[in-house]
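Visitor: Quick one: sequence and predicted model below, then my questions.
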Amino acid sequence: GEYPYKQYSVIQGGDGGMEYAMGTLITGKRSLGSLIGVTAHELAHTWFQFLLASNEAKHEWMDEGFTSY
């Protein structure tokens with residue numbers, strides 16, 4: 001389906017990568033490949049957890065399993 005928000009932000013901050021409904025926090029000083037990889041990974045978390053409402057706490061395989069695949 002369509003992304004329900006007007007924008008998705010990638011923000012330098014945090015201690016690695018963390019997803020939220022409208023953005024991702026990632027650490028800086030990464031190679032371009034790492035920036036793209038962690039952004040895509042956290043965006044996948046956002047899609048499944050916040051937009052499809054999957055329960056990653058109840059079904060642990062959905063957490064890193066889906067996003068790393």
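Guide: Received the coordinates, thanks.
Visitor: Give the closest residue to residue 16 in space, chain neighbours not counted.
Guide: Using CB to CB, 6 or more residues apart in numbering and skipping the chain neighbours, the partner closest in space to residue 16 is residue 27 (6.0 Å). To be clear about C-beta, it is placed using only N, CA and C from the backbone, and glycine gets the same treatment.
Visitor: residue nearest the centroid of the chain?
Guide: For the chain, the residue whose C-alpha lies nearest the mean C-alpha position (CA atoms, centre = their mean) is residue 42; its distance is 1.7 Å.
Visitor: Please verify my assumption that it contacts residue 18.
Guide: Yes - the criterion here is CB atoms under 8 Å, and residue 42 meets it with residue 18 at 6.9 Å.
Visitor: Now the common contact residues for those two.
Guide: Overlap between the neighbourhoods of residue 42 and residue 18 consists of residue 24, taking contacts as CB atoms under 8 Å, 6 or more residues apart in numbering.
Visitor: Low-confidence bits of this protein, can you list those?
Guide: Where the chain drops to pLDDT under 70, the residues are 65-69.
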